[in-house]
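> No letters, just coordinates:
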Ligand SMILES: [Zn+2]
């Protein structure tokens, strides 16, 4: 079995089960996005920091959230 069942969070580096990871699209400009795999905790933190969050259903199925941070920033590792 070589199915991918874990995801490395791109912010904290934690390896989490696939079902506990989410993809988030960060808006970094008009029609410019940065996709990141995030664990639940990091996604929660980014959602709190977000200027706006849009439901992406029908836009990009795999992405959990479309997030715009203040200043169209991309989150970075702490
Ligand atoms: Zn994380």
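Looks like it came in fine. These figures come from a predicted structure and were not determined experimentally.
> rest of the way, CA atoms for contacts and neighbours
Fine.
> Within the sheet, what are the partner strands of the helix or strand hosting residue 7, with directions?
Assessed by DSSP states H and E, residue 7 sits inside strand 6-8. Strand pairing for strand 6-8, using DSSP bridges, gives strand 15-17 (antiparallel).
> Give me the distance between residue 11 and residue 31.
Distance of residue 11 to residue 31, given as Cα to Cα, to the nearest Å: 23 Å.
> Mind checking which of these two has more residues around it?
Taking neighbours as other Cα atoms under 10 Å, residue 11 and residue 31 compare with residue 11 leading, 17 against 6.
> Now do the contacts for that one.
Contacts for residue 11 (Cα atoms under 8 Å, 6 or more residues apart in numbering) come out as 38, 42, 75-78.
> any idea of the pLDDT on it?
In this prediction, residue 11 carries a pLDDT score of 96.
> Tell me if it really is in a strand.
No. Counting by DSSP: H, G, I helix; E, B strand; the rest coil, residue 11 is not found in a strand; it is coil.
> which phi and psi does it have?
phi -100, psi -50 (degrees, to the nearest 10).
> How is residue 44 assigned, secondary-structure-wise?
Going by three-state DSSP: residue 44 is helix.
> any idea where the strands of this protein begin and end?
6-8, 15-17, 21-29, 32-39, 52-54, 63-68 (DSSP state E).
> Run through the neighbouring helices and strands of the fourth one.
What that stands for is strand 32-39. strand 6-8, strand 21-29 (3 or more Cα pairs under 8 Å, 6 or more residues apart in numbering; DSSP states H and E).
> Could you tell me which strands sit next to that strand in the sheet, and their orientation?
By DSSP bridges, strand 32-39 pairs with strand 21-29 (antiparallel).
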